[in-house]
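Below: sequence and its predicted model.
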Amino acid sequence: MAIQEKLSLMIPGPTPVPEKVLQALGKHPIGHRSKDFQDLVKITTENLKWLHQTNNDVLTITGSGTAAMEAGIINSLSKGDKVICGENGKFGQRWVKVAKEFGLEVIEIGAEWGKPLNPEDFKKILEEDKQKEIKAVILTHSETSTGVINDLQMISTHIRNHKKALSIIDCVTSIGACSVPVDEWKLDIVASGSQKGYMIPPGLSFISMSEKAWQASEDSNLPKFYLNLKSYRKSLLSNSNPYTPAVNLVFALDQSLKMMREEGLENIFARHNRHKLAVSKAAKTLNLNLFADEEHLSPAVTAIATDDIDAEDFRKKIKNKFDILLAGGQDHLKGEIFRVGHLGYVNDRDIISVISAISNTLLDQKKITAQQAGEALAVASKYLK
């Protein structure tokens with residue numbers, strides 16, 4: 001029987017899990033109604049608020065990031081409500097589908113995949129809404145399907161100026177990768193997922209709720225039971241959960257958040273920025289084209305257009321030879337791009353390894369010279385500690 005090799009995850013999720021977190025996962029479960037678990041919920045909630053830079057409620061749901069986004073929508077809106085949905089990638093597209101599924105009237109603001117949403121488009125529609133009929137603006141902050149980060153700070157300013165509309169934001173791959181100051185930007189509903197910047201396996205999602213969002217929930221008539229956030233808020237008063245939570249994932253969350261606090265927010269954000277720059281600058285040195293505009297690159301993932309190379313074959317070669325998993329393109333981008341994840345528990349060695357693997361594969365295909373391969377590493381090293 002062959003020895004299983006070490007597969008290095010360089011995708012935008014699931015992301016690598018630290019050894020300490022894996023060890024925490026292996027603990028014996030405890031009762032989710034016990035005082036020990038309540039103490040755990042209390043400290044993880046405090047640390048989640050620290051990560052979100054907020055005094056708002058931050059609730060933990062057993063489910064994926066999509067569950068948190070759906071919860072945000074169905075707890076704050078009613079059938080027939082008018083909403084704006086930003087769509088410039090796979091996940092923005094998903095929120096359009098979810099909103100329509102629940103009978104909301106959707107105004108779509110789109111951008112070509114690989115381009116950021118234009119904040120001025122939001123400003124125009126919101127300012128023209130004199131009757132204040134628009135109830136919410138729904139968008140993805142870091143659109144990992146294309147490697148683009150949208151200007152959430154500016155868009156949130158336009159939402160606040162509207163006075164009535166809520167902001168419902170998918171921050172699944174931006175929380176823990178770049179600064180999302182929830183209170184400073186007055187974000188109402190912010191959703192995220194455990195298998196991204198939190199550095200733990202899939203299974204938990206998190207949702208930050210402002211007081212304005214809770215007020216809106218009083219009028220919401222969309223059906224909800226398991227995702228009724230009022231139940232989660234009520235149970236959180238006693239550091240509990242309305243339903244059986246993923247106990248061992250909370251053990252993991254506790255450990256990962258402690259690690260994040262030790263590193264510090266600014267250091268976490270700086271590390272992700274360094275890795276983004278190292279990968280993107282090295283890619284350009286290798287004659288590869290960035291799929292996203294360089295000034296709007298996501299700190300979570302770098303998308304690379306392959307032009308005359310089949311991206312799926314390229315990813316397969318890197319996985320087979322180097323045990324490094326890269327992400328492919330989605331929908332019409334399948335075979336057209338590959339994506340290098342640098343989110344969560346990723347260090348400088350991982351970045352050097354993935355750049356070396358890409359360089360070596362291009363060298364095998366006679367797409368670059370050995371000198372260019374060396375130059376790519378030299379360029380990347382300028383951004384690493």
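Now that the structure is in, tell me what you want to look at. Numbers count the residues shown, from 1 in each chain.

what's the spacing between residue 285 and residue 77?
In this view, residue 285 and residue 77 are 47 Å apart by CB to CB, to the nearest Å. (C-beta placed from N, C-alpha, C; glycine too.)

swap in residue 42?
31 Å.

So the two - more neighbours on which side?
residue 77 (26 against 14; other CB atoms under 10 Å).

mind checking the SS state of the residue nearest to residue 268 when sequence neighbours are not counted?
In this structure, residue 268 finds its nearest non-sequential neighbour in residue 260, 6.3 Å apart by CB to CB, 6 or more residues apart in numbering. Of the three states, residue 260 takes helix under DSSP: H, G, I helix; E, B strand; the rest coil.

who touches residue 260 in this structure?
47, 51, 176, 199, 268 (CB atoms under 8 Å, 6 or more residues apart in numbering).

Surely the last one is in contact with residue 179?
No: using CB atoms under 8 Å, residue 268 is not in contact with residue 179; the gap is 9.3 Å.

between the two, which one's more packed in?
The neighbour comparison of residue 268 against residue 179 (other CB under 10 Å) goes to residue 268, with 21 against 15.

where's the single longest helix found in the chain relative to the chain centroid, distance-wise?
Longest helix in the chain by number of residues (criterion: DSSP state H): helix 265-285. Chain-centre distance of helix 265-285: 16 Å, with CA atoms, centre = their mean, to the nearest Å.

Buried residues of it, list them for me.
Buried residues in helix 265-285, counting neighbours by 16 or more other CB atoms under 10 Å, are found at 265, 268-269, 271-283, 285.

Tell me which helix or strand residue 49 sits in.
helix 35-52 (DSSP states H and E).

which residues touch the most centrally placed residue in the chain?
Centroid-nearest residue in the chain, with CA atoms, centre = their mean: residue 173, separated by 1.3 Å. Residue 173 makes contact with 12-13, 141-142, 144, 196-197, 298, 300-301, 343 under the criterion CB under 8 Å, 6+ apart.

Distance to residue 220 and secondary structure for those residues - can I get that in TSV?
Supplementary listing: the contacts of residue 173 in TSV, determined by distance: CB to CB, whole Å; DSSP: H, G, I helix; E, B strand; the rest coil:
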residue	distance to residue 220	secondary structure
12	31	coil
13	29	coil
141	23	coil
142	27	strand
144	29	coil
196	27	coil
197	29	coil
298	31	coil
300	31	coil
301	33	strand
343	32	coil
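
Make TSV from those residues and add neighbour count to it.
TSV is the format used below for these (neighbours: other CB atoms under 10 Å):
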residue	neighbour count
12	28
13	23
141	30
142	29
144	27
196	27
197	30
298	29
300	31
301	30
343	31
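
burial of residue 90, as a residue count?
Residue 90: 17 neighbours (other CB under 10 Å).

Find the nearest non-adjacent residue to it, please.
residue 145 (3.6 Å).

thought the one you found was touching residue 88?
No: taking contacts as CB under 8 Å, residue 145 lies outside contact range of residue 88: 9.1 Å.

Any idea how far apart the tips of stretch 146-164 sit?
Taking CA to CA, to the nearest Å as the measure, stretch 146-164 stretches 31 Å from start to finish.

Go through that stretch and flag the buried ones.
For stretch 146-164, burial by neighbour count (16+ other CB under 10 Å) applies to 146-150, 152, 154-156, 158-160, 162.

circling back: so of the contacts of residue 173, which two are at opposite extremes in space?
13 and 141 (14.4 Å; CB to CB).

Just the strands from the stretch 251-385 of the chain, written as ranges.
Assigned strands in the stretch 251-385 of the chain, in chain order: 289-290, 301-305, 324-328, 337-341 (criterion: DSSP state E, counting those that start in this stretch).

Same list (those) but as a markdown table, adding distance to residue 353 and mean pLDDT.
As requested, the strands of the stretch 251-385 of the chain are arranged in a markdown table below (distance: least, CB to CB, whole Å; pLDDT from 0 to 100):
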| stretch | distance to residue 353 | mean pLDDT |
| --- | --- | --- |
| strand 289-290 | 20 | 97 |
| strand 301-305 | 15 | 98 |
| strand 324-328 | 7 | 98 |
| strand 337-341 | 11 | 98 |
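
which one of these lies closest to residue 245?
When these are compared (using CB to CB), the closest one is strand 337-341, at 27.1 Å.

angle of that closest one against strand 301-305?
Put simply, strand 337-341 runs at 160 degrees to strand 301-305, going by axes from the mean of the first three to the mean of the last three CA atoms, to 10 degrees.

In contact with residue 236, which residues are there?
Applying CB under 8 Å, 6+ apart to residue 236 gives the contacts 41, 45, 57, 59.

gap between it and residue 245?
12 Å.

same deal with residue 332?
Using CB to CB, residue 332 is found at 38 Å from residue 245.

who's more crowded, these two?
Remark: of residue 332 and residue 245, residue 245 carries more neighbours, 19 against 8, as counted by other CB under 10 Å.
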